[in-house]
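Peer 1: Output the structure for:
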Amino acid sequence: MARGIEDSGGLSRQGTEQLLKLLVAHPRRLSSAEIDGRTVWIKRFDTETRPLATRLHSLLSPVLPAAFLRASPSADAAGLAAREARKVARFDAAGFPAPAILWQGGAVLVLSQVAEIVQPTLHRLAKAGDRQGHDGLLVEMAGALGRVHAAGLCHGRPHPRDMFRMADGTWGFLDFEEEPEASMPLAAAQARDVWLLFMQITFRTQDEAARAAAFDAWRAEAPAAVVPQLRRLVSALSPLVPVLKLLQPLRLGKDGRRLLGAVVFLRSALRTRANASPAPAAGTSKPDRIGTPT
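Peer 2: Sure, this is the predicted structure:
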């Protein structure tokens, strides 16, 4: 079990009976409940139909020329639950905190509670006007992803809502619903991770120094083999930049603005920073200000 996450040994017989009743009464994709005297999260993969765009992406994925655009392998609801359990085990084995799987059955996982998710922490710091704490947390987040990559892992959808930071500064991960490393070389999947994370980082801060510090924090931890793949990814997306800039004065949505910001920043960072000797991660937030373990 990864450090800091409760090793509960699963549910009791009474807890399992309570769970089965809840599954019948509340067929929601994600819900929380008090079982065996603690908060657990019930995650179901059989309650939603995949959107048409997702299904088309899966069909077209094998013929897409750019590896990083390919979808994770298709799977039914039970397969998606098994994928998440498999990735939880990988992260746990590598020493990264992740929710403990307390019960697994078909398309259902029951997961333990973890420390506070990073996204509400970022919102709270931004609302309080604490830009130093806010941007420092983004820098830490990038460094944490670099350590994941150094361990030979890929998250698949890195986002502040899929990460948590414990009181001792240890970073954990959850919601492993994507497995791009099964559809493309690992380094390409890790480059895709970087692109997706910087769609969040560049959107959440206007401070170029903080963005640069975040890139340096990732680069200081990550394998060198990811950088060439990241260059290919950014080069493939760069033709979209003029189009997105033309649309920006009209009504470019959040996704478009995030894409534009990430590609423009990463293109610059790869020119000016990727070949420099990686510096130690900087801009860390104080442990007593960010979250507490549960």
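Peer 1: give me the element Ala33 is part of.
Peer 2: strand 30-35 (DSSP states H and E).
Peer 1: Remind me what that strand packs against, helices and strands.
Peer 2: helix 13-25, strand 38-44 (3 or more Cβ pairs under 8 Å, 6 or more residues apart in numbering; DSSP states H and E). All C-beta spots, glycine's among them, are computed from the backbone N, C-alpha and C.
Peer 1: all helices of the protein, in order?
Peer 2: 13-25, 52-60, 77-93, 118-127, 131-150, 186-204, 208-221, 226-237, 240-251, 254-272 (DSSP state H).
Peer 1: for those helices, which one sits closest to Met163?
Peer 2: Nearest to Met163, of all those, is helix 118-127, at 4.8 Å by Cβ to Cβ.
Peer 1: Counting neighbours, which bits of the closest one end up buried?
Peer 2: Of all the residues in helix 118-127, those buried under the rule 16 or more other Cβ atoms under 10 Å are Val118, Gln119, Thr121, Leu122, Leu125.
Peer 1: roughly how far apart are the second one and Gln200?
Peer 2: Meaning Gln119. With the distance defined as Cβ to Cβ, to the nearest Å, Gln119 ends up 9 Å from Gln200.
Peer 1: can you list residues touching both of those two?
Peer 2: Common contact partners of Gln119 and Gln200 (Cβ atoms under 8 Å, 6 or more residues apart in numbering): His159, Pro160.
Peer 1: quick one, what contacts Arg267?
Peer 2: With Cβ under 8 Å, 6+ apart, Arg267 has these contacts: Val234, Ser238, Val241.
Peer 1: Can you add distance to Gln132 and give the buried residues of helix 118-127 back as CSV?
Peer 2: Below are those laid out as CSV (distance: Cβ to Cβ, whole Å):
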residue, distance to Gln132
Val118, 16
Gln119, 18
Thr121, 14
Leu122, 13
Leu125, 9
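Peer 1: residue ranges with poor pLDDT in the stretch 101-250 of the chain?
Peer 2: Along the stretch 101-250 of the chain, no part satisfies pLDDT under 70.
Peer 1: any chance of the helices and strands packed on strand 30-35 in CSV, plus distance to Val114, mean neighbour count and mean pLDDT?
Peer 2: Listed next are the helices and strands packed on strand 30-35 as CSV, based on distance: least, Cβ to Cβ, whole Å; neighbours: other Cβ atoms under 10 Å; pLDDT from 0 to 100:
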stretch, distance to Val114, mean neighbour count, mean pLDDT
helix 13-25, 19, 13, 85
strand 38-44, 9, 19, 91
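Peer 1: Out of these, which is closest to Pro180?
Peer 2: strand 38-44 (20.1 Å).
Peer 1: And the closest one, what does it pack against?
Peer 2: helix 13-25, strand 30-35, helix 77-93, strand 108-112.
Peer 1: which of the residues in the second one are buried?
Peer 2: Right, the one you point to is strand 30-35. Under 16+ other Cβ under 10 Å, the buried positions of strand 30-35 are Ile35.
Peer 1: Run through who's touching it.
Peer 2: Residues from elsewhere that reach strand 30-35 (Cβ under 8 Å, 6+ apart): 11, 15, 18-19, 22, 39-44, 110, 113.
Peer 1: Export those residues to TSV and append columns for distance to Gln206.
Peer 2: As requested, the contacts of strand 30-35 are exported to TSV (distance: Cβ to Cβ, whole Å):
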residue	distance to Gln206
Leu11	46
Gly15	47
Gln18	48
Leu19	45
Leu22	44
Thr39	36
Val40	39
Trp41	34
Ile42	39
Lys43	35
Arg44	39
Val110	41
Gln113	34
